[in-house]
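Visitor: Got a sequence here, can you build the structure:
(one chain, ligands or ions: 1)
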Amino acid sequence: MTNKELADLIYPNITKTPEDYEKIYPERNLKEGAVVSRFAPSPTGFVHMGSLLTTLIERKIPDETDGVFYLRIEDTDQKRSVENGIQGIVNDLKNFDIKIDEGVIGENEQIGNYGPYIQSQRKEIYECYAKSLIERGLAYPCFCTPEEIEETRKIQELNKERIGYYGSFAKCRNMSNEERAERIKNGEHYIIRLKSPGDYEKKVVFNDLVRGKIIFPENDLDVVLIKSDGLPIYHFAHAIDDHLMRTTHVLRGEEWVSSVPVHIQLFDILGFKLPQYAHLGLVMKIDEETGAKRKLSKRKDKEAAVSYYHNMGIPVEAVKLYLMTIGNSNFEEWLNQNPNASLNDFKFNFKKMSASGSLFDLEKLVNISRNYISRLSKEEVYDKEIAWAKEFDPDFAALLEKHKEYALEMFNIERCQKKPRKDYANFKEIKSYTWYMFDELFTGDISYEFQTINDVEEIKKILKLYLDKYYNENDDEQTWFERLKDLSMELGYAREVKEYKENSDKYKGHVGDISMVLRVAMTSKAMTPNLYQIMKLFGKERVIKRLNLVIDK
Ligand code: GLU
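Guide: Residues are numbered from 1 along each chain as shown. Alright, predicted model coming up:
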């Protein structure tokens, strides 16, 4: 029985040939040097921070070279798929403004000429190549049961031999086609394996964009190509998909480095040009309990899922800036020199990537976010806050929309200055810093954080005298403060803190204590931005109302 007859027996319905697919998916018509890259996750429903860094680069290099970035869903391993797992990934990318040129854009939607971009929909294509390899004597059906494979592994372990299906351990490798055909006709379960032409004694060399030159022994394992469910294993799908989708650069986790010899062999026997590989180090963190370095984990770390940042309202740009600081070692310095530049202006360099992985530091990210928000204009803060609140706190969004001008001025307090105020680390917490500015929220049982001066009668006396004699809504800041000093003096408090410190027995306190009373009466909080600016924002009516609220209590 010929190989061709065996191949026809296994895949009777496959009529296309590899040459047909070459025509269906021709070389892309891109300019020289254009990079085609892809993000190829399993449909797990979410993007991990480590993958977000990868996609950022996968998006960036096509941007720098007029290339293409596409999203392919690798769903051949049912264990790694969850319901609506594609939509979660699409949403995460959308929320991070990572645009997809081609591929999967929704649970049931794809764009581009190189699809389908979901592996389970490409079964026929994989079968065509499997059939062709069987015809060429480079693949064969294997009938070994999982128990037999396990048995072999135990023997190999016991004899301290290399683990795997190769050489004399590859029981089905040299079976006659007649026996293969008979067992298939008898309904035995089988998988398709590569008949590896490799020699373990020989070396393969390849150049990793991050790691440089790597030397491995050639692959001689008869790896699985097609599983018993008819779907391909990663190695086979990788070779076929990345070839037919005309990928030029494969960026993926370092866990795949050791598989490169298999991939080189597959690309070679399939007649495909090998893409460039960049194996990226893991994103790690210091474990809070043990203090040891470990992989940033979806299970243990809330900050591992990119949805965390979206939900918290940490600006996309800040997350990206942070990720690039761990992506390229020279980025932070570049950013310090170009504080107002955008990520697009930075030229990415694989050589500046850490091969050993990078440490994820949430605190640093939060700091970048704080700085980033402090440099935004009041309009930008307003728009971004509304966008966040519309999704997560619609009542607050409505309030901000109702009082747009007021809210804009509120966000402007201590903003346009050399060292802008850095209260906000994210959009979620803005309400907790600003709620008291809105009469609608400043109601009910308000707890006032009065400080040094906390005697009710004294507080009332201060506020009354202030309203009667010292409040003038048209004062500039300096005059306003002079009047607070005058008020202090009239009530037996020192005009200056220094003066009080030197003669503390002569005074009841100082001007700082007085202004604290005003601040707390006005806002209920002991910590607020500039009080003068808050009072300006409030306007006369609200100032009087707020102070009377305390006086009348
Ligand atoms: N689906 C593979 C993974 O999630 C993709 C690896 C690759 O990018 O080739 O690890």
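
Visitor: Grab the nearest non-local neighbour of K384.
Guide: F427 (5.9 Å; Cβ to Cβ, 6 or more residues apart in numbering). For glycine as for every other residue, the C-beta is placed from the backbone atoms N, C-alpha and C.

Visitor: start to end distance for stretch 219-226?
Guide: This stretch, stretch 219-226, spans 18 Å end to end (Cα to Cα, to the nearest Å).

Visitor: Tell me which residues are up against it.
Guide: Contact with stretch 219-226 is made by 126-127, 130, 133, 139, 142, 164-167, 170, 173, 191-196, 198-200, 204, 232-233, 235-236, 261-262, 264-265, as judged by Cβ atoms under 8 Å, 6 or more residues apart in numbering.

Visitor: all helices for the stretch 201-350 of the chain, in order.
Guide: Listed in chain order, the helices of the stretch 201-350 of the chain (DSSP state H, counting those that start in this stretch) span 234-244, 260-270, 307-312, 316-327, 331-337.

Visitor: now the ones you listed in TSV, with distance to the ligand, mean neighbour count and mean pLDDT?
Guide: Below are the helices of the stretch 201-350 of the chain laid out as TSV (distance: least, Cβ to the nearest ligand atom, whole Å; neighbours: other Cβ atoms under 10 Å; pLDDT from 0 to 100):
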stretch	distance to the ligand	mean neighbour count	mean pLDDT
helix 234-244	5	23	98
helix 260-270	9	21	98
helix 307-312	18	18	94
helix 316-327	16	22	93
helix 331-337	23	14	92
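
Visitor: and K460, which of these is closest to it?
Guide: helix 307-312 (41.1 Å; Cβ to Cβ).

Visitor: what separates stretch 379-391 from the chain centre, distance-wise?
Guide: From the chain centre to the centre of stretch 379-391 is a distance of 20 Å (Cα atoms, centre = their mean, to the nearest Å).

Visitor: tell me which residues in that stretch are buried?
Guide: For stretch 379-391, a neighbour-count test (16 or more other Cβ atoms under 10 Å) marks V381, Y382, K384, E385, I386, W388, A389 as buried.

Visitor: burial count for the nearest residue in space to T452 that is not next to it in sequence?
Guide: Spatial nearest neighbour of T452, chain neighbours left out: D513 (4.7 Å); criterion: Cβ to Cβ, 6+ apart. As a burial measure, D513 scores 20 neighbours (other Cβ atoms under 10 Å).

Visitor: Please tell me how far D513 sits from the ligand.
Guide: For D513, the distance to the ligand equals 61 Å [Cβ to the nearest ligand atom, to the nearest Å].

Visitor: do Y448 as well
Guide: 54 Å.

Visitor: which element is that residue on?
Guide: Under DSSP states H and E, no helix or strand contains Y448.

Visitor: for N349, what are its contacts?
Guide: N328, N330.

Visitor: ditto for V82
Guide: Counted by Cβ under 8 Å, 6+ apart, V82 has contacts P43, T44, G45, G88.

Visitor: Please apply the same query to E490.
Guide: L465.

Visitor: Now that we're looking at it, what pLDDT does it have?
Guide: Confidence at E490, expressed as pLDDT, is 96.

Visitor: Return the subset of the contacts of stretch 219-226 lying in helices.
Guide: Y126, E127, A130, L133, H235, F236, P261, V262, I264, Q265 (DSSP state H).

Visitor: so how far is the one helix or strand A181 maps to from its chain's centroid?
Guide: Using DSSP H and E, A181 sits in helix 177-185. How far helix 177-185 lies from its chain's middle: 50 Å, per Cα atoms, centre = their mean.

Visitor: What residues of that helix count as buried?
Guide: N177, R180, A181, R183, I184.

Visitor: Quick check, D345 in contact with P339.
Guide: No: if you go by Cβ atoms under 8 Å, D345 and P339 don't touch, sitting 11.7 Å apart.

Visitor: circling back to that earlier point, looking at the helices of the stretch 201-350 of the chain, which is nearest to E541?
Guide: Comparing these under Cβ to Cβ, the one sitting nearest is helix 307-312, at 35.8 Å.

Visitor: who touches the closest one?
Guide: 46, 88, 92, 95-96, 302-303, 316, 319, 392, 426-428.

Visitor: How about stretch 33-40?
Guide: 28, 30, 51, 54-55, 58-59, 61-62, 64-74, 93, 103, 241-242, 245-252.

Visitor: Just the endpoints, please. Distance across stretch 172-181?
Guide: Rule used - Cα to Cα; the end-to-end distance of stretch 172-181 is 12 Å.

Visitor: Give me the contacts around that stretch.
Guide: 1-3, 5-6, 9, 140-144, 193, 195, 222.

Visitor: could you redo the last one with a cut-off of 7 Å?
Guide: Stretch 172-181 is contacted from outside by M1, N3, L6, L9, Y140, P141, C142, F143, C144, K195, D222, using Cβ atoms under 7 Å, 6 or more residues apart in numbering.

Visitor: Could you find the closest non-adjacent residue to W256?
Guide: Closest to W256 by Cβ to Cβ, 6+ apart is H279, at 6.2 Å.
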